[in-house]
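Novice: sequence below, structure please.
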Amino acid sequence: MHVTHLSLADFRSYALAEVPLDQGVTAFIGPNGQGKTNLVEAVGYLATLGSHRVSSDAPLVRMGAERAVVRAQVRQGERQQLVELELNPGKANRARINRSSQVRPRDVLGIVRTVLFAPEDLALVKGDPGERRKFTDELLTARAPRMAGVRSDYERVLKQRNTLLKSAAMARRHGGKGVDLTTLDVWDQHLARVGAELLAQRLDLLSVLGPLADKAYERLAPGGGPVALEYRGPVEGSSREELYGGLLGALGEARKQEIERGVTLVGPHRDDVSLRLGELPAKGYASHGESWSFALSLRLAAYELLKSEGHEPVLVLDDVFAELDVKRRERLAELVAPAEQVLVTAAVEEDVPGVLAGTRFAVAEGEVTRV
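Specialist: Coordinates of the predicted model:
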């Protein structure tokens, strides 16, 4: 799969941009602040319905504009599709596939798949559990777009349950009439059922991703491993029913504390993925270089997994080479060079390893020019 054309309207710094793309390597070269990352961010948005830089859509719309449009022509084998997203901050976004308007935004998931390398990836190793949950769940959705619905259902149930708990906590603190909590059992069941599905998918993902990450780390930093991924949460089980029962029991045990604090304390939204380097956790023990190698190995493992399942993604390397030493830069470049499509951003041509020869665009003052 590869993107053959990218169109932007009022997206970030671009009032309008039309960028034809080739298979193989395409590099966008230009000084910082000129809009290189905006281009690859748009491709990533089509793949995930989100940005790797900001948590909301508002910053993606050009100042003074009401909405932004991201459109891409995508080829997979002999099949071509046109996918379009209209971003409307504060309102519902709109989506079209092949000019049809009768689709939800999440229906476009799976048409474009990406694996993105960026300076922010260091947070996968050094950051909070939310960074690792986001990585895991975005990869789940890339593997199986239906998981977007599961994640949405879980977030909806969690929000409703938290609202009920918050009301109960406020009433207790202010000595008012107690809130009717008879519906909490029902919300527990809903949360446990959807949460069990999400947990099962995460556990399955880590079982296949772990060996791939270990292999990738060995290629990036020979002799520096092994690495391992371990799921961390209060619930264990080998089937969805076991996970459902475990979550339901954990919610029951935590109920008193949850009512006191007004928030759901148990569930996939609180879990973590432990990254181990040798016998020690990578977070807090790995050096800066080791942390970078680990983060890169996770992205490479994601790429290999999607490729093995027949969904080779577009590889996006956003200013990542400037963050790496020469050896890691060259090893990473050699590993990604054979991909069907690689999009690279760099401040100067010298930051792009020679093995990544291909199409070049100069990016300056909102203009994207092929050179």
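Novice: for the longest helix seen in the chain, name the packing helices and strands.
Specialist: Looking across the chain with DSSP state H, the single longest helix is helix 184-220. In this structure, helix 184-220 packs against helix 129-143, helix 147-173, strand 227-232, helix 240-261, helix 288-308, helix 326-336, with contacts taken as 3 or more Cβ pairs under 8 Å, 6 or more residues apart in numbering; DSSP states H and E. (Glycine included, C-beta is placed from N, CA and C.)
Novice: at 6 Å instead, please
Specialist: Counting contacts by 3 or more Cβ pairs under 6 Å, 6 or more residues apart in numbering; DSSP states H and E, helix 184-220 packs against helix 129-143, helix 147-173, strand 227-232, helix 240-261, helix 288-308.
Novice: if I look at Glu66, how far off is Leu6?
Specialist: As judged by Cβ to Cβ, to the nearest Å, Glu66 and Leu6 stand 21 Å apart.
Novice: about what we covered before: residues of the longest helix of the chain that come out buried?
Specialist: Of all the residues in helix 184-220, those buried under the rule 16 or more other Cβ atoms under 10 Å are 184, 187-188, 190-202, 205-206, 209-210, 212-218, 220.
Novice: now stretch 66-79
Specialist: When neighbours are counted by 16+ other Cβ under 10 Å, the buried residues of stretch 66-79 are found to be 67-76.
Novice: then stretch 250-269?
Specialist: Of the residues in stretch 250-269, those buried by neighbour count under the rule 16+ other Cβ under 10 Å are 250-251, 254-255, 258-259, 262, 264-269.
Novice: which single one of those is nearest to Tyr231?
Specialist: Nearest to Tyr231, judged by Cβ to Cβ, of these is Pro268 at 9.9 Å.
Novice: show me what contacts the closest one?
Specialist: Contacts were defined as Cβ atoms under 6 Å, 6 or more residues apart in numbering; by that measure Pro268 touches 195, 198-199.
Novice: average pLDDT for stretch 132-139?
Specialist: This predicted structure assigns stretch 132-139 an average pLDDT of 97.
Novice: what's the closest non-adjacent residue to Gln81?
Specialist: Val74 (5.0 Å; Cβ to Cβ, 6 or more residues apart in numbering).
Novice: now name the helix or strand holding the one you found.
Specialist: Assignment of secondary structure by DSSP states H and E places Val74 within strand 68-76.
Novice: strands paired with that strand, and their directions?
Specialist: Under the criterion DSSP bridges, strand 68-76 sits next to strand 2-11 (antiparallel), strand 79-87 (antiparallel) in its sheet.
Novice: where does this protein dip in pLDDT?
Specialist: Counting by pLDDT under 70, the chain shows low-confidence ranges at 175-180.
Novice: and the gap between the residue positioned nearest the centre of it and Arg299?
Specialist: When the chain is reduced to its mean C-alpha position, the closest residue under Cα atoms, centre = their mean turns out to be Glu138, at 4.0 Å. Using Cβ to Cβ, we find Glu138 at a distance of 11 Å from Arg299.
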